[in-house]
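Visitor: one predicted model, sequence on top.
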Amino acid sequence: MVIRSLLDNDQYKFTMQQAILKLGFASVPVEYKFQCRTKNVDFSNEFRYIKESINDLSGLKLIDYEYDFLRSLRYFNSEYLQFLKNFRFDRNCISLNLDGKELDLRIRGPWFNTILFEVPILAIISYYGNMYGNENIAKDRLEMKLRKVSGIEGFRYIDFGTRRRSSLLWHSEVIRKCREITPIQFVGTSNLHFALSNNIRAMGTMAHEWGQAHQQLNYRVIDSQKMAFENWIKVYRGDLGIALSDTINTQAFLKDFDDPLFYKLFDGVREDSEPDPINFAKHIIHFYKLRGIDPKTKTIVFSNGLNFDKAIEIYNTLHDEINVSFGIGTNLTNDFDIPALNIVIKMVSCNHQPVAKISNSPGKGMCESPEFVNYLKSVFKVRDDNA
C-alpha cells in the first residue's frame, strides 16, 4: 500500500473537517478537480496502479493509538474524534478515468466525506510519477541543503512535503535527516502520522478551500473571507491561529483582516502564492505597526514553492522585523534527479456553485467558471494585472 495510515495526511485537513462538523457544514456538497501542471505527462502506464492504490484507501481506519494521539492535541474534541473513528474513505466519491494519456480525476460528495482525499491521492500520484529517481542523488542534495541551515540558530522550518513526496519511505528518511542535522531549526511537520511516530509537533491550520467554500455557504460573497475567519474563531477560540492570506489577494486580505478580532487574536499569517514574499512581508509589517502592534509578536509562515536558499534569503531580510518560519514542501521530500510532478487538487464547487482562488501568482488559481472569477474580481476590486 502506498498510504498505510489514515493519519498519513496534512493536519489542516483534519482541523477543517472538525470545523465543518461543528459548524453544520458536513453535508454540504462539494467538488474537487485534479490538475497536473507539468506538461505532457503520460499516466497511461501507471493508471492501473494509481487506481488500485486509491481503492486501497477505503481500508484505512483510525486505530487506537492514533486516536489517543489526536486526543492529546487540545484542539481536537471528543465528538469529532468519535466521528473520525467511524470514518472510511468512500470510493464512490471518486471519478477516475484516463483521458488519452492524462488523468481525469474528480472528487464529489458531502464536504465531510471528501475533504481527506486530496493529500493521500496526490501522494499516490506523485509516488507513481517519480518512482525511478536516484536516491543517492537525493540523499546528497538533502544533506547539503540541511547543512546550509544547521548553523542559522534563529531559522525555523516545517515539513510540508506529504502531497508531492517521492514515497512514504523516503519521507521517513527525510524526517530522520531533518532531526539529525537540524535539531534546532526543524520544528515540526504537517503530517500527523510522522508527528506521532517521531514525537514532533504537528503543524497546520486552514487551506484555501476553507475560504473558497465560504463563497457559496449562504454568506454574501463580499463577506466570505471575513466569515471564514470568524467561523474559524468560533471553533478554535484562538488555537491554530495562523490565517491564510491569499484566497483572493493581499489587498483584499488586509481589508478583511482589519478587525481587532482578527489581527489581535490570530498569531500571524501564512503566505502561499506571493511572487515577491519580501514585499508581502513589508505590507504585513506596516499593517501591524499602523495598528499599534509590535510585529515581533506576530509570525509569517512562508510556503510558496520554497527551497532552502530562498528561505534563507527571506530570513536574513526579515527576521529582525517579524517572526518568520518556512513550510518546505516538494524541495524537501522530492528533490531527485527526476523533476517532481507539479500536481494539485483544488475545490472547484460548493453547494453546486463555482468557487475560486484568485492567486497572487499567475497559474496558481483554478476555477471552471470564468464568469464567477470575473464576478469575484469585481466584488473584491482585483485588477487583472494583480490577479
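Guide: The structure has been received and is ready for your questions.
Visitor: pretty sure residue 281 contacts residue 322?
Guide: Yes. Contact criterion CB atoms under 8 Å: residue 281 and residue 322 qualify, at 6.5 Å. The C-beta positions use only the backbone N, C-alpha and C, and glycine is treated the same way.
Visitor: okay, the two: which has more neighbours?
Guide: residue 281 (22 against 19; other CB atoms under 10 Å).
Visitor: now list whatever residues contact both of residue 281 and residue 322.
Guide: Listed as contacting both residue 281 and residue 322 by CB atoms under 8 Å, 6 or more residues apart in numbering are residue 300.
Visitor: in space, what's closest to residue 346 - neighbours in sequence excluded?
Guide: residue 366 (4.3 Å; CB to CB, 6 or more residues apart in numbering).
Visitor: and if you look at residue 294?
Guide: residue 288 is the one closest to residue 294 (CB to CB, 6+ apart), at 7.4 Å.
Visitor: and what about that neighbour, helix, strand or coil?
Guide: Taking DSSP: H, G, I helix; E, B strand; the rest coil as the rule, one finds residue 288 in the helix state.
Visitor: hmm, it is touching residue 298, no?
Guide: Yes. Using CB under 8 Å, residue 288 is in contact with residue 298, at 5.9 Å.
Visitor: quick one: common contacting residues for those two?
Guide: residue 322.
Visitor: centre of this structure to the edge, which residue is at the far end?
Guide: Within the chain, the residue lying farthest from the chain centre (CA atoms, centre = their mean) is residue 292, at 30.6 Å.
Visitor: name the helix or strand for that residue, please.
Guide: According to DSSP states H and E, residue 292 maps onto no helix or strand at all.
Visitor: can you report phi and psi for it?
Guide: phi 70, psi 20 (degrees, to the nearest 10).
Visitor: what's near enough to touch it?
Guide: By CB under 8 Å, 6+ apart, no residues touch residue 292.
Visitor: can you check the pLDDT for it?
Guide: On pLDDT, residue 292 comes in at 98.
Visitor: quick check: residue 43 touching residue 100?
Guide: No. Under the criterion of CB under 8 Å, residue 43 is not in contact with residue 100, lying 9.4 Å apart.
Visitor: more neighbours: which of these two?
Guide: Neighbour count, other CB under 10 Å: between residue 43 and residue 100, residue 43 has more, with 20 against 8.
Visitor: ok, the more buried one - contacts?
Guide: 36, 50, 98, 101, 102, 103, 125, 129.
Visitor: in helices, which of these fall?
Guide: 50, 125, 129 (DSSP state H).
Visitor: distance of the first one relative to residue 162?
Guide: Pointing back at residue 50 there. Noted for residue 50: a distance of 17 Å to residue 162, by CB to CB, to the nearest Å.
Visitor: these two: who's more crowded?
Guide: residue 162 (26 against 21).
Visitor: please name the nearest non-neighbouring residue to the more buried one.
Guide: Residue 162's closest residue in space is residue 191 (CB to CB, 6+ apart), at 4.8 Å.
Visitor: the one you found: what's it in contact with?
Guide: Taking CB under 8 Å, 6+ apart as the test, what residue 191 contacts is 7, 8, 9, 10, 11, 159, 162, 171, 202.
Visitor: now, which of those sits nearest residue 186?
Guide: Distance to residue 186, by CB to CB, is smallest for residue 159 among the contacts of residue 191, at 7.6 Å.
Visitor: burial measure for the closest one, as a count.
Guide: Residue 159: 26 neighbours (other CB under 10 Å).
Visitor: surely it touches residue 173?
Guide: No. Applying CB under 8 Å, one finds residue 159 not in contact with residue 173, separated by 12.0 Å.
Visitor: about what we covered before: so what's the residue count around the residue nearest to residue 294?
Guide: 19.
Visitor: residues contacting it?
Guide: By CB under 8 Å, 6+ apart, the neighbours of residue 288 are 263, 294, 295, 298, 322.
Visitor: of these, which is the most crowded?
Guide: Most surrounded of the contacts of residue 288: other CB under 10 Å gives residue 298, at 21 neighbours.
Visitor: residue contacts, it?
Guide: 267, 268, 269, 284, 288, 322, 323.
Visitor: contacts only, for the residue nearest to the first one when sequence neighbours are not counted.
Guide: Translated: residue 267. Of all residues not flanking residue 267 in the chain, residue 241 sits nearest, at 3.9 Å (CB to CB, 6+ apart). Contacts for residue 241 (CB under 8 Å, 6+ apart) come out as 205, 265, 266, 267, 268.
Visitor: same check on residue 208?
Guide: 244, 246, 247, 272, 346, 347, 357.
Visitor: now the fifth one: how far from residue 163?
Guide: As for residue 346, its distance to residue 163 is 12 Å (criterion: CB to CB).
Visitor: so between the two, which is more surrounded?
Guide: Neighbour tally, residue 346 and residue 163, criterion other CB under 10 Å: the higher count belongs to residue 163, 24 against 21.
Visitor: surely that one is within a strand?
Guide: No. When classified by three-state DSSP, residue 163 is found to be coil rather than part of a strand.
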